[in-house]
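# Sharing a sequence plus its predicted fold:
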There are 2 protein chains.
Amino acid sequence: MVGTVATTRERLLRAARELVEEGGYGAASVAAIAGRAGVASGTLYRHWPSKSELFVELFRSVCDREVAALVAVGRDLRGRSGVERIEAQLALFAERALRNPRLAWALIAEPVDPLVDAERLAYRKAYAQGLEDALRDAVAAGEVPAQDVELTAATLVGGVGEALVGPVSPLGAAGRDAAAVVAALRVFARRAVGAAPTGEVPTGEVHPAG
Amino acid sequence: MVGTVATTRERLLRAARELVEEGGYGAASVAAIAGRAGVASGTLYRHWPSKSELFVELFRSVCDREVAALVAVGRDLRGRSGVERIEAQLALFAERALRNPRLAWALIAEPVDPLVDAERLAYRKAYAQGLEDALRDAVAAGEVPAQDVELTAATLVGGVGEALVGPVSPLGAAGRDAAAVVAALRVFARRAVGAAPTGEVPTGEVHPAG
DNA sequence: CTTGCCCGTGAATCCCGGTTCACATCCTAG
DNA sequence: CTAGGATGTGAACCGGGATTCACGGGCAAG
């Protein structure tokens, strides 16, 4: 079974994902999903007990990919400073979101139904957790001042998400350069956690890492 | 019209607001609104052409109050520094949101329908704009480094909103002290815009209390 | 008085989208 | 070849919620 034609199940999943990417959950009705997959509505129920469960599976698979990427970054930068890891994680987050804003919005915020919302929560927590860990290290290492790491992490995740896909996003308006936005967000993040400006060491002395 | 008994129209608006405060838009069906207002469903259509339009009016009135409060703060602090104004605005935002999280969530994020969503956008823009203005002043005055003010403002609005009412919010979990959260957010905001730590001059280093 | 308008009623209606199910079709095991 | 399971079909069904409308009652103006 190498490079086979996609099974119906896969086609349904793909159709659902595409629809969500294009128009959010609202655009992904059973009829639309089945239609795009080239099958009848009833077919969907041969593979999932309900539409919600299809969404859960879809959501989970997409999130797993995202989180995996995040974890990979964390591993690659194991030796680096906490601040560097935070920056890298947020930059990755931003880049991926910018590449597919609709999907990002669906993953980050759009409410669907309780089942999917629970998944989303887990996803977000994973994200915030990654930041939190790096931030704690940074605090311990004296790279940044002591702070409410939980709140900082949550605010960063929310803020960056918002800035990227939210309704006030400056991106929506003019077509900005994605790379520039990512760069600006890195700077923002550095400041927000209390790190010294890029490349500099905080006025010479830092507290010994303990 | 001195302290008269509420008109049916007013009772409907109030009922709708209460329902949204308690359970979000989902809980505010026509039947529920009419029921709480003590009238029949059909009555609603004597006053608005559709449910959406009622929501638009409701949304607008609530937002106007919020924005008015914001503007008032801006005016009161006219003499103060840009950073102080930013802090004050965010703190106000946070306090109000914490006082009524459900409503805040509805105003900040919960999708309803295109008509209302357009209103939300205006509201958010007003908010971000207030921050942006203050931030620009701060940059001009040299209180904070040059930066992408638009992006900083958007990220702050989103981040604070998220931290307060979002699903990853640390508030949801343990019952935190609202005042403490507001204080932490002020600190976060100062850092995020690049201001010196409270009351200190940029030259001194900060030490974790420990 | 009576005409007409505003306001209120609530059951009927409409709409939309998820879900079901009786009926093929295909494929594999026996 | 045939039975039976898996898969696919799509029209019909259903529930929930917005919207309509034929039917009063009050009330001010003519």
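That came in fine, so what should we check first? Numbering: from 1, shown residues only, chains lettered A, B, ... in the order given.

# Stretch A:94-104 near chain B at all?
No - figure legend: stretch A:94-104 not in contact with chain B (Cβ under 8 Å from any Cβ of the partner chain); closest approach 10.7 Å. Where C-beta positions appear, they are placed from N, C-alpha and C, glycine not excepted.

# Please disregard the earlier target; I meant stretch A:60-78.
No - between stretch A:60-78 and chain B, judged by Cβ under 8 Å from any Cβ, nothing touches; the nearest distance is 13.7 Å.

# One more: stretch A:130-140?
Yes - using Cβ under 8 Å from any Cβ, stretch A:130-140 comes into contact with chain B via residue A:139.

# separation between the residue most central in space within chain A and chain B?
The centre of chain A sits closest to residue A:93, judged by Cα atoms, centre = their mean, with a distance of 5.1 Å. Taken as Cβ to the nearest Cβ, to the nearest Å, the spacing of residue A:93 relative to chain B amounts to 13 Å.

# Correct me if wrong: that residue contacts residue A:127.
Yes - look at residue A:93 against residue A:127 with Cβ atoms under 8 Å: they come within range, at 7.0 Å.

# So for stretch A:136-144, mean pLDDT?
Per-residue pLDDT over stretch A:136-144 has a mean of 96.

# Mind listing what's buried along that stretch?
Of the residues in stretch A:136-144, those buried under the neighbour-count criterion (16 or more other Cβ atoms under 10 Å in any protein chain shown) are A:137-139, A:141-144.

# Please apply the same query to stretch A:76-91.
Going by neighbour count (16+ other Cβ under 10 Å), the buried part of stretch A:76-91 is A:77, A:81-91.

# going on from the strand or helix carrying residue A:138, what's the next piece of helix or strand?
For residue A:138, the enclosing helix or strand under DSSP states H and E is helix A:114-140. Counting by DSSP H and E, the next helix or strand C-terminal to helix A:114-140 is helix A:149-165.

# and that following helix, C-alpha only, in PDB?
Output in PDB follows, covering the C-alpha atoms of helix A:149-165 (Å, rounded to 0.1, in the frame of the first residue of the first chain):
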ATOM      1  CA  VAL A 149       5.300  33.100  35.100                       C
ATOM      2  CA  GLU A 150       1.900  31.600  34.700                       C
ATOM      3  CA  LEU A 151       0.300  34.900  33.900                       C
ATOM      4  CA  THR A 152       3.200  36.000  31.700                       C
ATOM      5  CA  ALA A 153       2.900  32.800  29.700                       C
ATOM      6  CA  ALA A 154      -0.800  33.000  29.300                       C
ATOM      7  CA  THR A 155      -0.700  36.600  28.300                       C
ATOM      8  CA  LEU A 156       2.000  35.900  25.700                       C
ATOM      9  CA  VAL A 157       0.200  33.000  24.200                       C
ATOM     10  CA  GLY A 158      -3.000  35.000  24.000                       C
ATOM     11  CA  GLY A 159      -1.400  38.200  22.900                       C
ATOM     12  CA  VAL A 160       0.600  36.700  20.100                       C
ATOM     13  CA  GLY A 161      -2.400  34.600  19.000                       C
ATOM     14  CA  GLU A 162      -4.500  37.700  19.000                       C
ATOM     15  CA  ALA A 163      -2.000  39.900  17.200                       C
ATOM     16  CA  LEU A 164      -1.800  37.300  14.500                       C
ATOM     17  CA  VAL A 165      -5.200  36.100  13.900                       C
END
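
# now check it, is it near chain B?
Yes - contact between helix A:149-165 and chain B is present through A:150-152, A:154-163 (criterion: Cβ under 8 Å from any Cβ).

# domain ranges for chain A?
A:1-47, A:53-193 (automatic domain parsing).

# Point out the most buried one among these.
Across the domains of chain A, the average number of neighbours (mean count of other Cβ atoms under 10 Å in any protein chain shown) peaks for domain A:53-193, which reaches a mean of 19.

# Show the pLDDT at residue A:168.
54.

# any idea how far the residue of chain A found nearest DNA strand D lies from residue A:10?
Residue nearest to DNA strand D within chain A (Cβ to the nearest atom of the strand): residue A:42, separated by 1.7 Å. Relative to residue A:10, residue A:42 is positioned 18 Å away (Cβ to Cβ, to the nearest Å).

# Equivalent analysis for residue A:98, please.
Here the criterion is Cβ to Cβ. By it, residue A:98 lies 27 Å from residue A:10.

# Same question for residue A:53.
According to Cβ to Cβ, residue A:53 stands 16 Å off from residue A:10.

# try residue A:38
When Cβ to Cβ is the yardstick, residue A:38 and residue A:10 sit 12 Å from each other.

# Can you add distance to residue B:15 and give the domains of chain A back as CSV?
Shown next, in CSV, are the domains of chain A (distance: least, Cβ to Cβ, whole Å):
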stretch, distance to residue B:15
domain A:1-47, 27
domain A:53-193, 23
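
# so which of those gets nearest residue B:114?
Distances from residue B:114 to each of those were compared using Cβ to Cβ; the shortest belongs to domain A:1-47, at 10.4 Å.

# any residue of that closest one up close to DNA strand C?
Yes - against DNA strand C, domain A:1-47 shows contacts by Cβ under 7 Å from any atom of the strand at A:29-31, A:41-42, A:44-45.

# What parts of chain A come near DNA strand D?
Counting by Cβ under 7 Å from any atom of the strand, the residues of chain A near DNA strand D are A:7-9, A:34, A:38-43, A:45-47.

# Which of those fall within strands?
When the residues of chain A next to DNA strand D are checked against strands using DSSP state E, none is located there.

# Taking the residues you listed, tell me the two that lie furthest apart.
A:7 and A:41 (17.9 Å).

# Can you list the low-confidence ranges for chain A?
Where chain A drops to pLDDT under 70, the residues are A:1-4, A:166-175, A:198-210.

# same thing but 50
Counting by pLDDT under 50, chain A shows low-confidence ranges at A:1-2, A:173, A:200-210.

# Near DNA strand C, which residues of chain A are found?
Proximity of chain A to DNA strand C, by Cβ under 7 Å from any atom of the strand, involves residues A:29-31, A:41-42, A:44-45, A:49-52.

# repeat that with 6 Å
Residues of chain A found near DNA strand C (Cβ under 6 Å from any atom of the strand) are A:29-31, A:41-42, A:45, A:50-51.

# In helices only, show me the residues you listed.
The members of the residues of chain A next to DNA strand C that map onto helices under DSSP state H are A:30-31, A:41-42, A:45, A:51.
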